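Q: Sequence unavailable; structure follows:
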């Protein structure tokens, strides 16, 4: 199976080890993994902050870059949900805008005809491209369980772990218990339940910037519940949320490490354990 790695902005700039872990894991499972270098942002930030035009341009680029692969795997429920949920809407809106003609007044007959031509040609092609590519975009756990049909990936991680289901993975992709099923099969790992697991951590992208007090209060509640588990490691499918929670865990000197799901699943007995005392940005045997 030919698989493309959609790395996402946060992982590319701040957590490259997560992408390396995905590649290591998928190759171990027999996948041919490619990294399209032309990929950029998926446009989620632009759409969420009121710039759908910019988001649409990035969506066009995405479907062009990732066309032709059997599957596209992202170590982010948030960005995978953006492609699957928002891209079809952006494509429909782009087609409707072409039919309507130029803004600022009634379109002439020639302009309306031109709009119909664009809608039946290039714009509709965009919708077809989205319909072809978007369903192939998967969060890592979804790809492993639903596409490859595996839960035991041969991982070894001898630590007490609790799992935080991020909002987009929970409510957007509806991952359900897929991550937990994968974690339960990891040798040496003890999975402990997290109270209030389905509550948001308070990150929410620009939400944390625009509403810092509310965001911090939400994160404090999450951290309180994490520390109550007695876990050594907090795991999630999105490094953006782990970065947010990990910052508070670190400031409280909790000793709890944050590790992306991909890095746990990629870890084997041959990997070097992460350094003692590392409270955030944990590395659990990513590809080297």
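A: Looks like it arrived, so ask away. Quick caveat: nothing in here was measured; it's all calculated off a predicted structure. Residues are numbered from 1 along each chain as shown.
Q: How much space separates the closest residue to residue 188 other than its chain neighbours from residue 86?
A: Computed as Cβ to Cβ, 6 or more residues apart in numbering, the closest residue to residue 188 that is not its neighbour in sequence is residue 158, at 3.3 Å. No exception for glycine: its C-beta is placed from N, CA and C like everyone else's. The gap separating residue 158 from residue 86 is 39 Å, by Cβ to Cβ, to the nearest Å.
Q: More neighbours: which of these two?
A: Legend: neighbour count by other Cβ atoms under 10 Å for residue 158 and residue 86, higher for residue 86 (22 against 13).
Q: Can I take it that residue 259 is in a strand?
A: Yes. Secondary structure of residue 259 (DSSP: H, G, I helix; E, B strand; the rest coil): part of a strand.
Q: Which residues lie in contact with residue 231 in this structure?
A: Contacts for residue 231 (Cβ atoms under 8 Å, 6 or more residues apart in numbering) come out as 160-162, 192, 256.
Q: and it, which of the three is it?
A: Here residue 231 is recorded as coil under three-state DSSP.
Q: Now do the SS call for the nearest residue to it once chain neighbours are set aside.
A: With Cβ to Cβ, 6+ apart as the criterion, residue 231 has its nearest non-adjacent residue at 4.0 Å, and that residue is residue 162. Per three-state DSSP, the secondary structure class of residue 162 is strand.
Q: Would you mind confirming that residue 162 makes contact with residue 228?
A: No. Contact between residue 162 and residue 228 fails when scored by Cβ atoms under 8 Å: they sit 9.5 Å apart.
Q: between those two, which one's more packed in?
A: When residue 162 and residue 228 are compared on other Cβ under 10 Å, the one with more neighbours turns out to be residue 162, at 25 against 13.
Q: Mind listing the residues bridging to the more buried one?
A: According to DSSP bridges, the partner residues bridging residue 162 are residue 192, residue 234.
Q: List the contacts of it.
A: Counting by Cβ under 8 Å, 6+ apart, residue 162 makes contact with 191-194, 226, 229, 231, 233-235.
Q: cutoff 6 Å now
A: With contact set as Cβ atoms under 6 Å, 6 or more residues apart in numbering, residue 162 has these partners: 192, 194, 229, 231, 234.
Q: tally of neighbours for the third one?
A: So that's residue 229. Burial of residue 229 is recorded as 17 neighbouring residues (other Cβ under 10 Å).
Q: Now the phi/psi pair for it, please.
A: Torsion angles at residue 229 (phi, psi; degrees, to the nearest 10) stand at phi -80, psi -20.
Q: just checking, it touches residue 191?
A: No. Between residue 229 and residue 191 there is no contact, the gap being 10.1 Å when judged by Cβ atoms under 6 Å.
Q: Which residue ranges of the stretch 151-288 of the chain form helices?
A: Listed from the start of the chain, the stretch 151-288 of the chain has helices (DSSP state H, counting those that start in this stretch) covering 167, 178-184, 207-210, 212-228, 239-251, 261-266.
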